[in-house]
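Chemist: model this:
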Amino acid sequence: MGKEFIRSVDAAFAFIERNLNLLSPVYRHLRRVLTKKFPYAVYYELCAGQVVRIVAIMHTAMDNARLDERSN
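Modeler: Take a look at the predicted model:
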């Protein structure tokens with residue numbers, strides 16, 4: 001199960017890399033990609049140029065306000 005979760009997160013990273021500007025911000029300036037088969041989301045922000053900063057990989061039941069402490 002752990003390896004499948006890692007593959008799911010890696011697939012989310014690859015999606016972000018291929019589609020940097022496709023998704024709109026969902027919480028403040030953060031964008032989100034949902035993982036397949038697992039109830040987790042990868043939250044990221046676009047920085048200068050083509051730089052992406054992964055802020056969190058978080059269970060979808062968690063409160064988005066917890067992202068505030070990570071995104072600063």
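Chemist: in what helix or strand does Phe5 lie?
Modeler: Assigned by DSSP states H and E, Phe5 belongs to helix 2-18.
Chemist: in that helix, what counts as buried?
Modeler: 8-9, 12, 15-16 (16 or more other Cβ atoms under 10 Å). Heads up, the C-betas are built off the backbone N, CA and C, glycines and all.
Chemist: Phe5: what's it in contact with?
Modeler: 35, 38, 40 (Cβ atoms under 8 Å, 6 or more residues apart in numbering).
Chemist: What lies in contact with stretch 48-58?
Modeler: Against stretch 48-58 from outside (Cβ under 8 Å, 6+ apart): 9, 13, 16-17, 20, 30, 40-47, 66-67, 70-71.
Chemist: and it, how far out from the chain's middle?
Modeler: Distance of stretch 48-58 from its chain centroid, counting by Cα atoms, centre = their mean, to the nearest Å, is 8 Å.
Chemist: which SSE is the most centrally placed residue in the chain in?
Modeler: For the chain, the residue nearest the mean C-alpha position is Val42 (2.0 Å; Cα atoms, centre = their mean). Assessed by DSSP H and E, Val42 sits inside strand 40-46.
Chemist: helices or strands up against that strand?
Modeler: Judged by 3 or more Cβ pairs under 8 Å, 6 or more residues apart in numbering; DSSP states H and E, the packing partners of strand 40-46 are helix 2-18, strand 31-34, strand 52-59.
Chemist: Dump the ones you listed to JSON lines, plus distance to Pro25 and mean pLDDT.
Modeler: Shown next, in JSON lines, are the helices and strands packed on strand 40-46 (distance: least, Cβ to Cβ, whole Å; pLDDT from 0 to 100):
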{"stretch": "helix 2-18", "distance to Pro25": "13", "mean pLDDT": "94"}
{"stretch": "strand 31-34", "distance to Pro25": "6", "mean pLDDT": "94"}
{"stretch": "strand 52-59", "distance to Pro25": "12", "mean pLDDT": "92"}
